[in-house]
Structure formats: C-alpha cells, structure tokens
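Q: Everything below, folded, please.
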Amino acid sequence: MDYMIRATAANAQVRAFAVTTRDLVAHARDAHDLSAVATAALGRTMSAALMMADMLKGPSDLLTVKIDGDGPIGGILVTADNLGGVKGYVENPDVDLPNNAMGHLNVGGAVGHGTLTVIRDMGMKDPYVGQTAIQTGEIAEDITYYYAVSEQIPSSVGLGVLVNRNEKKVLQAGGFIVQLMPFAEEETIAKLEKNLMGIDAVTTMLSAGDTPEQMLEKVLDGLNPVITARNPVEFRCNCGKERYERALVLLGHEEVQKIVDDGEPIEIKCQFCGKTYRFSQEELQAVLKKTEKKA
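A: Residues are numbered from 1 along each chain as shown. The predicted structure is shown next:
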C-alpha cells in the first residue's frame, strides 16, 4: 500500500518526509499508457508533489508542480492535495530514449531545459507562484534547487522510479525530502550531509525492502528522528461529467451552438486520468439552453 510519513529530527532542527508510490505510479502508467521514461518522469514528480503538498495547512489547499522543458516529453503537470491525493500527466506519454550514461532511464534528456513552476493555492485571492530554471531535468535536483532559490530552505530531495522497460511494469517508486530549519546547528548540518553522502539511491533502498520509515532512519541516522504522521496516498482525480458540462457552458452560446450544429455526439477525455465522458446531442441541447440563460 502506498503511504507517506512525516518526521522531525534533532529536536525539530530538521523536518523530513518519505513516501512509497509504486501503486499510484502504476495506475498513472496504465491510465496514460506511458513509456518507461515517461513513467519515471511523471512518477518522480508525483512523489515530490505529494510530499510538498503535505507541507500545506488547509484541507482544501492544493499544490501544483509544472515542468516546462524543451525535451521530447514536453510538459509535465502534477497537482496534489494535503490529504494524500495526486494526479498528473505528461504531454508526450510515448516518448522513448536510450538509457543515460549511467544505464538509467534518461529522464533528464526527456525533460530538457526550461522552467519549473510551483503553485500553492491556499484559498487566497491569488495563489503563491514560485519559478526556477530546470537544472538537470532529473526532477529531484530541480526540486532541491527550487527550495534553495525560491523559498530559501536548504533541502535534499531523493526520488526514484524503477520500471521494467520491456514489460513497462512499475517495480518501485517513492522518495524523500529533508529540510533544515533556520535554527539548525552546524553539527546537525554536518551529520545530515554525511548521512546523505552515504545512502543508496531511492530505488535501491526500496528494492531492498526499505519502508519510508527505514529510508528516513538512514537519512536521519544519529539525529533521533520522530515520526509525526503516517497517511495513505493515492492517484485521485476529481473529474466528472458535471465538471465538463460546466466547462462546456463556459465556452459560451456561440461555441456550443457550433458543436450542436455538427449534429454528432462529442467525447471529452480527462487529461489527468484518461477517463472519457460522452455527451449526446440531447445533452448538448441542454447545455446550449444553459448558455442562453447565462447570456
């Protein structure tokens, strides 16, 4: 079962998050028919977004990570809430590249250079928007850079998705985020840096059977970590036929009239989960009447 933990360490000088996401990444892979490298790119981004969203306060707060690179995968868009739900998609789900020089899925090559944008919607008039340049396209390094530059929070981010390239099967997925508080002492910083230099890659730890708790035990070794929360996470899309009906109404009378005049039913596919909604001519006529009322 996919789940996420939150922890503090060194008398709250450090806060940390860790997550295992194999099932939800597999769900996304199946929903979008993703290639292996697209699965890794989206899976890493979803894992990061879940942990970043867990830092939000309100139950209706949302966090969106948008990656706009010039690589063949196009854009990546992921939205997460702080109740353990996440959804996302990539523009080009079938992109395929040879492994990189280290023999790993070439996520950096698929993403390319561009911008990483983080949007925190906390119910205010305007959401908070932070943006930084993509550093490597490998996602973890880019999130680390984002926190350092946009939010001035020293962080270390580890993300990983292990995919059987031939079967397109997700074998492991997850990650961690560790952050230093402003009052962190030099001794704590030195200990954490030493730990981070000595740990295995996320997928290596997960493949060895490590849980999120055990991953953080290694990252926070000697810093007296305390688990403060443990919650399930899942791929969760809030799309529905009513939502798309409202979207059609917002198109306005003239546009909906054109659709009706075509005389055919239409299908709208959700970009996030792949579910398709069909509107018959009768339903489109009803939508047209709603646009008349709106006008």
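
Q: Grab the most central residue of this protein for me.
A: residue 46 (2.2 Å; CA atoms, centre = their mean).

Q: Just say helix, strand or coil for that residue.
A: helix (DSSP: H, G, I helix; E, B strand; the rest coil).

Q: shouldn't it be in contact with residue 26?
A: No - with contact defined as CB atoms under 8 Å, residue 46 does not count as touching residue 26 (11.4 Å). Every C-beta, even on glycine, is put in place using the N, C-alpha and C of the backbone.

Q: The stretch 151-295 of the chain: strands as residue ranges?
A: Using DSSP state E, counting those that start in this stretch, the strands of the stretch 151-295 of the chain run over 155-164, 169-180, 226-232, 234-235, 266-269, 276-279.

Q: swap in the stretch 1-150 of the chain?
A: Under DSSP E, counting those that start in this stretch, the stretch 1-150 of the chain gives strands at 3-9, 14-20, 62-69, 75-81, 85-90, 114-121, 128-133.

Q: could I get the last one in CSV with only the CA atoms?
A: Coordinates of each C-alpha in strand 128-133 appear next as CSV, following Å, rounded to 0.1, in the frame of the first residue of the first chain:
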residue,chain,number,x,y,z
TYR,A,128,1.6,31.7,-4.4
VAL,A,129,3.8,31.1,-7.5
GLY,A,130,7.5,30.3,-7.5
GLN,A,131,9.6,29.6,-10.5
THR,A,132,13.1,28.5,-11.1
ALA,A,133,15.2,27.2,-14.1
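
Q: which ones are touching the closest residue to residue 138 other than its chain neighbours?
A: Once flanking residues are discounted, residue 138 sits nearest to residue 108: 4.7 Å by CB to CB, 6 or more residues apart in numbering. By CB atoms under 8 Å, 6 or more residues apart in numbering, residue 108 lies in contact with 100, 136-138.

Q: Show the buried residues in those residues.
A: The neighbour-count test (16 or more other CB atoms under 10 Å) applied to the contacts of residue 108 identifies 137-138 as buried.

Q: any idea how far residue 184 is from residue 82?
A: Per CB to CB, to the nearest Å, residue 82 is found 24 Å from residue 184.

Q: Okay, now the unreliable bits of the stretch 151-295 of the chain?
A: 293-295 (pLDDT under 70).
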